[in-house]
Each structure stands twice: as structure tokens, then as C-alpha cells.
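Colleague: A structural model of the following input is requested.
(2 chains)
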Amino acid sequence: MTATVDTPLLTVEDLRVSFAYGGRPVEVVHGVDLSVGVGESVGIVGESGSGKSVTGRAIMGILPTPPARTTAKRMEIAGQDLRGGGVPEAGDGHQGQPIAMIFQNPFTALNPVFRVGSTLTEALVKRRGMSRSDATAEAVRLLDRVRIPNAKSRIRNYPHEFSGGMQQRIVIALALALEPRLLIADEPTTALDVTVQAEILELLREIQTERTMGMIFISHALGVVAEVVSRVNVMYAGRIVESGPVGSVYDDPKHPYTQALLLAAPKVGQFRTRTFGIPGSPPDPSSPPPGCAFHPRCALATDVCRDTVPDVRPRLAGGSGTASCHHAGESLVAEGATR
Amino acid sequence: MLTGDLGQSVRSLQPVTSVLGERLPVTGLLAIGATLLTIVVAVPLGILAAVRKRKFADRALLVTSALSLAVPSFFLGILLLIAFAVNLRWFPVYGYKQLGEGVWPSIQGIALPVVALAVPQTAVVARMTRASMLEVLSQDYVVTARATGLSRLRVYYRHALKNALIPIVTVVGLNFGALLGGTVIIEQVFNFPGLGTLLINSVNARDYSIIQGIVLLFGAAYIVINLSVDIVYAYLDPRVRYGQS
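Modeller: Purely as a prediction, here's the structure:
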């Protein structure tokens, strides 16, 4: 687990993202609050379409505008306002970029027509102001760091000449070339097989510790998130429904959605004749249900859930973390909702 | 024939190869000029339309390209002649006479037929560029390049364009054949002594050996162009490799 430092590196308050859809804006992220400490690693988990990737891309400033529109009460990294849109520049004579991002699919994240060395040196020359020869040497060092064997000669290869795991290492090297203070990892291991996944996670953890780099780790795999982050945010339908230290959220989930997600994840060593699934599917963002967005699928839903959006409230009295539910703390298992 | 001897003209009794050799530069100049003009104009326009998708520039290109495709090039050629050579007198009516008399007169001489040939080509290539760029711009590596903080222009022209060029090269190459056909008509309109004019005169005169020579030449040109397109592929896309790796 990584060191949690209390100095906030990234602060996001009330982040909202909407997309113009058929002439009418459809909000897909409804007021997300997020903070990442220096060197801290924070997870965002949720189903497909919960808005977790959009949140990451909004912070990175790479959503296409239009159709996307991003607003926030506050969105800053180390005091630098990110609300202007676009990829953030390094402030006060620094080189590089405060935030970098790695993506889900390494096979398509690298430009197929450029040698990996040229992709890396381009970033180093353009964003770190290096000379071409310094950049080449630095590119080799970066590839070495992400454990590409024979980095010196491999730099002349094209992306298709590498395996998926190797390609993801190169994408990580490209992100590191920017010397980011925060790395946004959007499902970086989803497209890889399990053993490669473990290697990439290990590499990310190592690099994060050695550079005291903050990280936002986006994934739908609860287990993967638990391995790399200290705090977790559970997203559903564009809202963070529960957040807190990863141990306490996983051991004692307060939100019925978190509870259901954890129940749905199979565990090693536990034999089950049938798996538990959450009935229904996430709401269509263009016509969200009134009240709590989760109520149509929630076994604990009552009248209040159907007409009032729940406030963000503390998970535990005096503890850190939040849960947004009218029935926070009630147990799905106790209600017999899991069959 | 395989020894390079195409026989003699039935009418003038001159060797076919020397007749063709005289005419080829004129047609070649028109076709190459039109292709270059097409690329120079169409590719930036297509990129602009892709980047400004569904905005004014994109719509304008759509309408203009539909119009340019609909107008036959001989008609366009006549319109150009009336407007720029007869009324405005910016360009000569018999342009070929100026060829070889310095750079500027030569350009002036071939300008109108080259434009007449290039307009429909430009329409096709610009729309192809737009479609190809749009596809490439939605690729993940473009997002990666943006996330690396590279400027928009750099992302469009370096990262996206090199990928988008592959289908564009195909279209330009295939259209070169159509262009050779187009010169036949355009040379008539502008009275250029190229292969097209020669072909029509020979057909009228039943000069079979000349016709045969031109057909062979056009066929050979087509094959050479297709071969070069395939070679350019390998340069543009490192995943394309010929022969044993």
C-alpha cells in the first residue's frame, strides 16, 4: 500500500460533465468531489457507463469540447486551476506536465506508424525542452525503468512488434516522460491477461512510490483496485455513492450498491452454486430516474429513495469517507435481498 | 513489339515510338500537374472539414465537392477559357505555345487545363481525406497524443495524417488512370498537342499502330502507378512488409 500524505495534490469539487446529445445537454457526471494527496493513490470503481472514465478525462482536459462541457466549483492541481480546459501545462518554468494519463487498450494507444522511440522523444523534446540526443538517452532510460529488455535496440521498433504487456509499459514510459505529479490510470490492466496484469500493477506501485506521484486508478475490477489504492470512490450513474479508505469500504460497505458489487465479485476459496448479480442495468443518462439513481435496482429502496436524491453524508460518525444513501448502513444481506 | 519497336504510323510513316515520345511530355505534364494541384488543395481541405465536422467549412466543402463532381470537365474547361482567357485575358487561349519558354509562361500556359482536370479529382480526394481523417481522429493513439500535451496542429498533421494518408494514396493512384482518360477530352478543349489529341486524330484516321501504341502506353502507366502506390504503402505503414521478413 502506498503512503497517504495529507497535503492535497488534486482537489475537485462539484465536477459536472454534460454532452450535447441531439441538441440538448445530457449531464453524465453530476457533481463529483475528489481529492488526491501527494503520493496518494485513489481508486474510482463502477460499472461501464458510470462516468468514471469521463471523470478522468475531464480532469485531464481531453474531452472533446463540444460536445462535452465541463464545469466545476474547484478543480486544481497543486494550486493550479484546471478549469480552463485543455491539457494542463506545467507552471512556473517547470517542464513536463502536472498530469499524465494511461489508457485501457495498449494495442491502440500507441501510434502504429511511429517507432516507439520517436513517440517518446517527441514528448521529451516538445514537453520537457530536451535536445534530440538527450531525449533519445532519456527515452532509453524510461524504457529501461519500465523493464523493457534491450531498451537500447527496442527503441527502434514499432508498436506492433511488442506484446500487449510491453505496449502498456511503453504507454507508462510515455506518461512518465512528462514527469507528472498525478497519473490517471484508466483501466490500465483490463485488456491484459492476469499474469501481465499483476506485473503492470507492481510496476505502477513501484514507480508511484519512487516518484511520490499521486495516482487515480480507474477500474471496474474491485480486486485490482484494492491492490493499488488506499482510498476508493464507488461511482454509480455519474455520482460518487460511497468513498473511504479501501479496507473499511470493502469490509463494511454502507451503500447498498457497494454491498451488491462486493457480493457479485466471486472470491477465491468460496464455492458458490450461483453467482449474485445486480438486477437491471444502469440508468440511461438522458432520462435518469427521479430520486436516487440506484433505487430501481435497489432491494432496500423505499418511497423517500424514489423522490429525493440522497445527500452526501459521512460513512461513520467521526470517520473519513462518505455514503450517499437514505438507508446507509442497512444491510442487503440482513434484508435477505441476496437470496 | 517486345524489343521496343512499335512499328510505323500508317499515315505519316514515322516510327510510333518517336510520335508518342513527342506527345507524352505534354500529357504527362497535364496529368502530373493536375495530380499535384489536387493533393495540395484537397488534403488540407479534407483535414479542415474533418476537424470542423458539421461546421460551416465542412458543409461548404460538401456542397462544393458535389457541384465539382457534377460538372463535366470539358464544360468546366470551356467556362474557364471564356472567363479567364477570353474575358479577363489572364491566361492564353492556346497555352501549349508557351511551354518551355521559361517557368512563369509555362505555368500560365498549362494552368487552365490543369485546373479543369484537377477540380473533379479534388472533390473526390477531399471527401476521401475527410472520411479518412475522421476515422483516424477517433483512434486511441490520437487521444494519447493529445494527453501528451502536443498541440492540436501537431496531432492533426503528424500523428493523424500519416495514418489517414493510406487510403488517400490509394484514391489518388487509382484516379491517375481516370486522369489520363480526362486528358483526352481536356486536350481537345484547350487544343493541346498531347496523347489525347493524338489518340482522337488517330482514331479518326484509322491509324491503328498509333492507337495500339497509346493503349499500351496508358496501360503501362497504370501498372507503374499501381506499383508505386503499393510501395508507398510500405513507407507509410510499417506493418506492411513485402517478401520474407
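Colleague: Need the contact partners of stretch B:186-193.
Modeller: B:23, B:26-27, B:30, B:73-74, B:77-78, B:81, B:94-96, B:112-113, B:116-117, B:194-197, B:200 (Cβ atoms under 8 Å, 6 or more residues apart in numbering or on different chains). All C-beta atoms are positioned from the backbone trio N, CA, C, and that covers glycine.
Colleague: Model confidence score at residue 227, please.
Modeller: This is for chain A. Listed pLDDT for A:E227 reads 84.
Colleague: I was thinking of chain B, sorry if that wasn't clear
Modeller: pLDDT recorded at B:L227 is 90.
Colleague: for stretch A:140-157, how far is the first residue from the last?
Modeller: Stretch A:140-157 stretches 12 Å from its first residue to its last (Cα to Cα, to the nearest Å).
Colleague: Sketch out the helices for the chain, chain order is fine.
Modeller: This is for chain A. Counting by DSSP state H, chain A has helices at residues A:52-60, A:106-109, A:116-128, A:132-145, A:151-154, A:164-177, A:194-211, A:222-228, A:246-251, A:256-264, A:303-307.
Colleague: meant chain B, my bad for not saying
Modeller: Going by DSSP H, chain B shows helices at B:16-51, B:56-70, B:73-80, B:103-137, B:140-147, B:152-154, B:161-190, B:195-205, B:208-236.
Colleague: Remind me what the last one packs against, helices and strands.
Modeller: Which is helix B:208-236. Under the contact definition 3 or more Cβ pairs under 8 Å, 6 or more residues apart in numbering or on different chains; DSSP states H and E, helix B:208-236 sits against helix B:16-51, helix B:161-190, helix B:195-205.
Colleague: can you put those in CSV and add mean pLDDT and mean neighbour count?
Modeller: Below are the helices and strands packed on helix B:208-236 laid out as CSV (pLDDT from 0 to 100; neighbours: other Cβ atoms under 10 Å in any protein chain shown):
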stretch, mean pLDDT, mean neighbour count
helix B:16-51, 89, 20
helix B:161-190, 85, 20
helix B:195-205, 89, 19
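Colleague: Which of those sits closest to A:D193?
Modeller: Taking Cβ to Cβ, helix B:161-190 is the member of these nearest to A:D193, at 27.6 Å.
Colleague: The helix or strand bottoming out on mean pLDDT in chain A near chain B anywhere?
Modeller: One helix or strand of chain A scores below all others by mean pLDDT, DSSP states H and E: strand A:80-81, with a mean of 78. No. Residues of strand A:80-81 are not located near chain B by Cβ under 8 Å from any Cβ of the partner chain, the shortest gap being 13.9 Å.
Colleague: how about the residues of chain B near chain A?
Modeller: Where chain B comes near chain A, counting by Cβ under 8 Å from any Cβ, the residues are B:139-141, B:143-150, B:154, B:159, B:162-163, B:236-239.
Colleague: ok, now which ones touch B:T27?
Modeller: By Cβ under 8 Å, 6+ apart, B:T27 lies in contact with B:L180, B:T183, B:E187, B:F192, B:G194, B:L195, B:G196.
Colleague: got TSV for the helices of chain B, with distance to A:T322 too?
Modeller: Below are the helices of chain B laid out as TSV (distance: least, Cβ to Cβ, whole Å):
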stretch	distance to A:T322
helix B:16-51	42
helix B:56-70	45
helix B:73-80	69
helix B:103-137	38
helix B:140-147	29
helix B:152-154	38
helix B:161-190	44
helix B:195-205	78
helix B:208-236	52
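Colleague: Just give the nearest non-adjacent residue to residue 33, would you?
Modeller: Just so you know, I chose chain A. A:E13 (5.4 Å; Cβ to Cβ, 6 or more residues apart in numbering or on different chains).
Colleague: my question was about chain B
Modeller: Sequence neighbours aside, B:V114 is the residue nearest to B:G33 in space, at 4.2 Å (criterion: Cβ to Cβ, 6+ apart).
Colleague: Just the pLDDT for the one you found.
Modeller: pLDDT at B:V114 comes out at 89.
Colleague: ok, now which ones touch it?
Modeller: So B:V114 contacts B:L30, B:G33, B:A34, B:L37 (Cβ under 8 Å, 6+ apart).
Colleague: Could you measure from the last one over to B:T122?
Modeller: Spelled out, it's B:L37. The gap separating B:L37 from B:T122 is 8 Å, by Cβ to Cβ, to the nearest Å.
Colleague: can you check B:D230 too?
Modeller: B:D230 is 24 Å from B:T122, where distance means Cβ to Cβ.
Colleague: Report the contact partners of the residue nearest the centre of chain B.
Modeller: Nearest to the mean C-alpha position of chain B, by Cα atoms, centre = their mean, lies B:T35 at 2.6 Å. Applying Cβ under 8 Å, 6+ apart to B:T35 gives the contacts B:A118, B:Q121, B:V172, B:N175, B:F176, B:L179.
Colleague: The nearest residue to B:S228 once chain neighbours are set aside and B:F84, how far apart?
Modeller: Spatial nearest neighbour of B:S228, excluding adjacent residues (Cβ to Cβ, 6+ apart): B:G173 at 7.1 Å. Separation of B:G173 from B:F84 (Cβ to Cβ): 30 Å.
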